[in-house]
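Peer 1: Here's a sequence, model it:
(chains A and B)
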There are 2 protein chains.
Amino acid sequence: MRNVTKQEVHNASIPQLKQLCEEMRKEIFSTVSSCGGHLSSNLGIVELTVALHRVFDFPHDKIVFDVGHQCYPHKLLSGRAEKFHTLRKSGGISGFPKRAESAYDCYDTGHAGTALSAALGIAKARDLKCDKFQVIALIGDGSFNNGLIFEALNSLRILNTNILIILNDNGMSISPTVGGTYEVLSEMKEGAAPIEDIKLFERFGLTYMGVYNGNDFNSLLPALVQAKEKLSEQSVLLHVTTKKGQGYSFCEREPQETHGVSPNTKKATLKEYSSALGDELTNLAHSDKRIVAVTAAMTDSLGLRGFFDAYPDRAFDVGICEEHASVLCAALASEGLKPYYAIYSTFLQRAFDEIIHDVCGQDLPVTFCIDRAGITGADGETHQGIFDLSYLSFIPNLTIAIPKDIGEFRAMLRMSSQYPHPLAIRYPREGIEGQVNALEIGKFEILHSNVSNIILFAAGERCLTIAKNIQLCAQKEGIDFTVINARFLKPLDEELLLSRKEKYIVTLEDNVLIGGLGDAINRFYMNSGKTVRNFGYRDAFIPHGETSALSRDYGLNEEEVLACIREFYARG
Amino acid sequence: MRNVTKQEVHNASIPQLKQLCEEMRKEIFSTVSSCGGHLSSNLGIVELTVALHRVFDFPHDKIVFDVGHQCYPHKLLSGRAEKFHTLRKSGGISGFPKRAESAYDCYDTGHAGTALSAALGIAKARDLKCDKFQVIALIGDGSFNNGLIFEALNSLRILNTNILIILNDNGMSISPTVGGTYEVLSEMKEGAAPIEDIKLFERFGLTYMGVYNGNDFNSLLPALVQAKEKLSEQSVLLHVTTKKGQGYSFCEREPQETHGVSPNTKKATLKEYSSALGDELTNLAHSDKRIVAVTAAMTDSLGLRGFFDAYPDRAFDVGICEEHASVLCAALASEGLKPYYAIYSTFLQRAFDEIIHDVCGQDLPVTFCIDRAGITGADGETHQGIFDLSYLSFIPNLTIAIPKDIGEFRAMLRMSSQYPHPLAIRYPREGIEGQVNALEIGKFEILHSNVSNIILFAAGERCLTIAKNIQLCAQKEGIDFTVINARFLKPLDEELLLSRKEKYIVTLEDNVLIGGLGDAINRFYMNSGKTVRNFGYRDAFIPHGETSALSRDYGLNEEEVLACIREFYARG
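Peer 2: Residues are numbered from 1 along each chain as shown, chains lettered A, B, ... in the order given. Reported below is the predicted structural model:
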C-alpha cells in the first residue's frame, strides 16, 4: 500500500475515508497472510485509527497502544505503508510499537496493562515541561481486567494531568473477556450507561463518554472531537465498541482463531507442546480429582480448551491477571489441590513476586507450564521467552525441568501429578514427539556416550537438536563426544556431574547466558580444572525475526559450537 | 499474657471482651517496645480480631491477613500469647502469619494485595472438596489500591465461591492512603454509602455492608453475625473503620511513626542510607529540573519526605502500586525527565516485568534506589532483600551499583543524574558515612592492595565490613590479601579482573549465591586456572531473626571466610 499523507487523511470525505479503510484492511489481510501476525484485532480498529489520525496531530500528539498488537493501522498511516510487507521479518516493520522505528511510536508495548500508566507519565512530563500536546491511551477491554490498569486509574487524581483513555471494547482478550469488570462494561453497552458507573469514573477523576460505534465514522468523529475539547479540563474515558475481525466474515466469526495468525510456512513434522499439555492434563485429571487448571486469558493457545470443556468446574480463566492467577494457584494448593498454571514464558514475568512470595515461599505444589520458552521469533523483544531460566533459577524450593521433546514433556507432566513441591516445566512452542524415557527428578539423561575428552550438556529441544546436528558433522571429521540431556536446571544432577571425567565441557541453552544452565555448570565445575564453554544468548533484547536465524545470531550458532568442539578435540 | 481459650472468648460478656482487649494492647505494646515490630496497625485491630474469634470458629474457619503485619491480636488469641514475647526473635513467633507456626495461620503473607486471591483459592478448593467452612480475607484500605486486589475482585464471578472480605479502613497504607479508590471509600464513610458504589460492588458479585465501627463491639458483633449468615448466599464486603494506634494516644496521633517500630538496640554510630537519599536527591533536584521522585506508599521510610515537601509537583506517591510506579517512571523518562524510584528490595520484585518490559526494554534512564537490600532481619522470609542481584543481573541495558558505604552511595546518586541508562543502586538500611572516592561506572575500587596470592571481591557494606574484620584477624596471623570493592555487578570491571595475577579468589555478597556476584566472577574466571570460592546466601528462604546472626548462619560466616583465606594461604 502507498503511504498516505497526514493532509490526505485530514481532507478526505467520509466516503474517501471508508475507501482508505478498505485499502488498509486489504493490506493488513494480505501482509498477515504471508508474514503472520495479529489479524482480527487490527481489522477491528481500522476506522478508529483513521479517525484518530483525522482528529489528532501525530506525532506531536502521542498515542500509547496497550499490548500494542493492534498498531498495524497506525503504522500504515504513519509513513510505514510501503514497508509494511516486511512486517515481523528480520530488519522489517515490527508487529508492535517501537520508538526506534518511528517518531509516531512514542512508547514500546507488548505486555498488557501498561498503556494507562505510560500515558499518565508522558502527560505528567508534558505538564512539567510546560509542553502542549494530547496524550491518548488506547486500551482493549481485555486489558481492563489487569491490575496495572487499575493501579494507574487509582493514581489519576494523584497525578492530576489530563489524558484521553479510549476503551476499545471488542469483547475479547485473546479468549473472550471475563470477569466483573467486563460485566460492568457490558451493562454500559447494553443501554445507556448506568448513572452509577458514570459517577464512579468521575470519582476516579474521569469524564465518561460512551458508548460509540468504533467502526462508524459518523459516530466516532464527533465523539473524538468532543473528547479532545474536554481534555483541556479533565481526563476523558471514551468507550468505543469495535468488531474484532471487522470486514472479513471469517475473522468476525472466529476472532480467537484469527487473533494471532501464523504464516503458511509451518513444518508439518512439528507438533505443538500445547496439545500434549491439553491431552496429558485432561487424562490425569480424570483419575486425580485434585487437578485444576488456571490460565490468564490464553486457554486455547495453551492447549487447554479440551480440559476446560471436560472439567469446567476445575478450570479457571481469570482474564489477563497473571499475578492473581499465581496466588490463586498457591491458595488452591494450600488446600490440597494440584493446580497447573499454563502461561507463556514472557508473561510469567508478571507473576515473578507471587512465584517467590506465594508459591515457593510456602513450598506449595503448583506446576507452572511455561510455554513459548526460548526465542519465539516474529513478535520480537517483548515476547521472547529467554529470561525464565534466569529468573527462576535462584528461587528456593523450585524445581525446574526442561523437556528434550514432547514425549519427555508428557512424562514430566505425569510425574508432576505426584510431585509435592513447586515445579516449573519450560518448553518451546513446537517440536517432535520423541520418545518417553525413564525420568527422575534431578537426573540428567545420557543421550550419547562416547569415550572422549569432551562432554556437551544441552537443555531443551532446540539445544539438543543443535547438539545432534553438530555431532553428525563432527563424526564425519572423526570427532565424537558425549551428549547429556540436561533436563533439570534445578536440582542439578550433581552425581552425574561429579562422576564425569571429561576435560572439556560445552553447555547449550535457549536462554540468556547470565543466570542460566551455563552459570550453574560453571559454579559446579569452578575449581575442577575442567575447561567449560557456555553457549546461550548474549546480554541483549532480541528483536523480531525468524526464530532459528535469531537463535544463531544471538549466541546459539552451530558453526561456533562445532568450532569449539574441534578446538577442544585438537587440544586433546 | 496468658493464653485465652476459644471458650472464654465465646462466653465473655462485652465488658469482659473489653478487658481482654486492654490486656492484649498492653501485651502488644510491651512486646513491640522490646522486640520491635508493627505497632499502630495491631493496636487498631484488637476489637475486630476479638469479634472475629467470637463469631467464627478458627482454625476450622480460615482467615487470610493481607500483608499480614496486623496478625498480632490473632496470634494472641490462637494459643501463642505465652510465647508472644519471643516476637520476631530467632526461633520465636513470626511477625507475620506462618503456616509452619500454627494451624490458625492458613496462608503466609508479607507483601500487599494477595489476600483476596488467596481467600478465593481457599474457598474454591473448599467447594471442590465439598468441605464446609468460612473463608475471610482481611484487607487494609491501603492494599485496596493494589492491582492484585482488583484482579481478584474481577474474578469473583468467574470463581463463583463465597467469601467474606473485611475492608479494614484506617486511612493509612504506611503513608496515608492515596488515590481514586480511597476517594470512593472515603465518600462511603462520610455518609451512608452512595447507592452507586453499592451497586458497583454487586455487579462484581459482592454484597456490600458498611460502614461499621471496628473498635466497637456493639457495632461489630451484630455486623459479623449478619455477614456470616449472608455467606451461604453470596460473598460479602464488610467495610469497617478502625483507628490505627487505638488506645495509645501517641500512636493514634502518629500512626506513620509507629507503624514499624525498632527495638531500642540500634547502634548510635550507624546512619540510615535513606537520609542520604533524601538529602542528595533534594539537592540535585534544585539545579536539575528533570529530577522527579516516585514511591509506592513508603515516602518516609525511604527518606523522601524532604523531597516531597520541597518539590510537591515533582514527587509522586502512587500508593501500594509497585508496578504502576515502574511504568510511570519509564514514561516520565521517555519524555526526558529523570525519575528516581525508591523502593525496598523485596517489594521491587512486584515490578520485575516492568523493569524488563518498560524501563530496560526501552533503555530509559530510570534510577531504582533499592533500599533494605540484603538480610533485613526481624520481618523474616517475605522481607529479606536477598534476591535483587539475581533478578536484576541478567536484564539487558541495566547497570547495577552496590555502594560500599553512605558516602559512596551519595557519589553514585550524583553520578546517576547524568547517566543516560537504567540504573539500579542497592543498599542496606543503615551503615557508616564513609568517604567519597573517585567513581566511574563499571570500575571496581582497590581498597587494600597487597602482593599475595589471594584477592577478595566484596560487594556492599556488610560484605566489606566482613572483609575488613577478616583482614585484621588474618594480619595477626601474618596473612594478608588484596580487597576489592566490587561496586558494580554490571558492568563488571573486566579490565581489573583481567589484570589480576592472584591465584585465589574469594567473593562475598549479601545476596543468594545463585545468580549474583559470585556467579559473575565465576563466569569471568572460568577457564583461567584460578581457584574461586563464593560466599553469599545458600538456596533457602531466610526466616526472621537478628540480621548479623542470620547473615552468618545462611552463608556469610566470618570464620568460614577466614578459614578459606588460611587454606588458600597455606596452599601458596
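Peer 1: Tell me the buried residues in stretch A:477-495?
Peer 2: For stretch A:477-495, a neighbour-count test (16 or more other C-beta atoms under 10 Å in any protein chain shown) marks A:479-490, A:492-493 as buried. The way it works is simple: take the backbone N, C-alpha and C, and place the C-beta from them, glycine included.
Peer 1: In terms of distance to chain B, which of the residues you listed ranks first?
Peer 2: Closest approach between the buried residues of stretch A:477-495 and chain B, by C-beta to the nearest C-beta: residue A:490, at 8.4 Å.
Peer 1: Could you check the pLDDT of that closest one?
Peer 2: Residue A:490 is assigned 98 on the pLDDT scale.
Peer 1: Ramachandran coordinates for it?
Peer 2: Here the main-chain torsion angles of residue A:490 (degrees, to the nearest 10) amount to phi -150, psi 120.
Peer 1: Make sure it is actually in contact with residue A:397.
Peer 2: No. Using C-beta atoms under 8 Å, residue A:490 is not in contact with residue A:397; the gap is 9.8 Å.
Peer 1: any idea how far chain B is from the nearest residue in space to residue A:168 that is not next to it in sequence?
Peer 2: Of all residues not flanking residue A:168 in the chain, residue A:140 sits nearest, at 5.1 Å (C-beta to C-beta, 6 or more residues apart in numbering or on different chains). For residue A:140, the distance to chain B equals 15 Å [C-beta to the nearest C-beta, to the nearest Å].
Peer 1: OK, contacts around residue A:140?
Peer 2: Listed by C-beta atoms under 8 Å, 6 or more residues apart in numbering or on different chains, the contact set of residue A:140 reads A:41, A:66, A:67, A:70, A:167, A:168, A:169, A:170, A:172, A:173.
Peer 1: From those residues, which land in strands?
Peer 2: Those of the contacts of residue A:140 mapping onto strands are A:167, A:168, A:169, per DSSP state E.
Peer 1: can you pull the contacts of the last one?
Peer 2: This points to residue A:169. By C-beta under 8 Å, 6+ apart, the residues touching residue A:169 are A:140, A:141, A:185, A:189, A:211, A:239, A:240, A:241, A:242.
Peer 1: Can you find which helix in chain A contains the most residues?
Peer 2: Determined from DSSP state H, the single longest helix within chain A is helix A:14-35.
Peer 1: just for chain A, where's the confidence low?
Peer 2: Within chain A, the segments meeting pLDDT under 70 span A:173-174, A:190-196, A:264-268.
Peer 1: thinking again about what came up before, now tabulate the contacts of residue A:140 in TSV and tack on distance to residue B:511.
Peer 2: Shown next, in TSV, are those (distance: C-beta to C-beta, whole Å):
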residue	distance to residue B:511
A:41	42
A:66	35
A:67	34
A:70	40
A:167	43
A:168	43
A:169	45
A:170	45
A:172	43
A:173	37
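Peer 1: how close does residue A:125 get to residue B:103?
Peer 2: 52 Å (C-beta to C-beta, to the nearest Å).
Peer 1: Look at these two and report which has more neighbours.
Peer 2: Neighbour count, other C-beta atoms under 10 Å in any protein chain shown: between residue A:125 and residue B:103, residue A:125 has more, with 23 against 12.
Peer 1: which residues in the stretch 101-250 of chain A form strands?
Peer 2: Applying DSSP state E, counting those that start in this stretch to the stretch 101-250 of chain A gives strands spanning A:135-140, A:164-169, A:206-213, A:235-241.
Peer 1: Which residue is the nearest non-sequential neighbour of the residue of the stretch 451-572 of chain A found nearest chain B?
Peer 2: The stretch 451-572 of chain A approaches chain B most closely through residue A:514 (3.8 Å), counting by C-beta to the nearest C-beta. Nearest-residue entry for residue A:514: residue B:394, 3.8 Å, with adjacent residues in sequence omitted and distances by C-beta to C-beta, 6+ apart.
Peer 1: quick one: contacts for that neighbour?
Peer 2: Here residue B:394 is in contact with A:387, A:390, A:391, A:512, A:514, A:515, A:516, A:539, B:515 (C-beta under 8 Å, 6+ apart).
Peer 1: Quick one: these as a markdown table, columns for neighbour count too.
Peer 2: Compiled in a markdown table, those are given as follows (neighbours: other C-beta atoms under 10 Å in any protein chain shown):
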| residue | neighbour count |
| --- | --- |
| A:387 | 27 |
| A:390 | 26 |
| A:391 | 26 |
| A:512 | 28 |
| A:514 | 25 |
| A:515 | 28 |
| A:516 | 27 |
| A:539 | 17 |
| B:515 | 28 |
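Peer 1: Restricted to helices, list these.
Peer 2: Using DSSP H, the contacts of residue B:394 in helices are A:390, A:391.
Peer 1: Determine which two of the contacts of residue B:394 are furthest apart.
Peer 2: Using C-beta to C-beta, the two most remote members of the contacts of residue B:394 are A:391 and A:539, lying 14.4 Å apart.
Peer 1: Would you enumerate the residues in contact with the spatially most central residue of chain A?
Peer 2: Nearest to the mean C-alpha position of chain A, by C-alpha atoms, centre = their mean, lies residue A:383 at 4.3 Å. Applying C-beta under 8 Å, 6+ apart to residue A:383 gives the contacts A:110, A:344, A:346, A:372, A:376.
Peer 1: out of the residues you listed, what pair is the most spread apart?
Peer 2: A:110 and A:372 (12.8 Å).
Peer 1: Would you confirm that residue A:134 contacts residue A:62?
Peer 2: Yes. In this structure, residue A:134 is within contact of residue A:62 by C-beta under 8 Å, at 7.4 Å.
Peer 1: what do the two both touch?
Peer 2: By C-beta under 8 Å, 6+ apart, no residue touches both residue A:134 and residue A:62.
Peer 1: okay, the two: which has more neighbours?
Peer 2: residue A:62 (26 against 21).
Peer 1: Kindly state the beta-bridge partners for the more buried one.
Peer 2: For residue A:62, the beta-bridge partners are residue A:135 (DSSP bridges).
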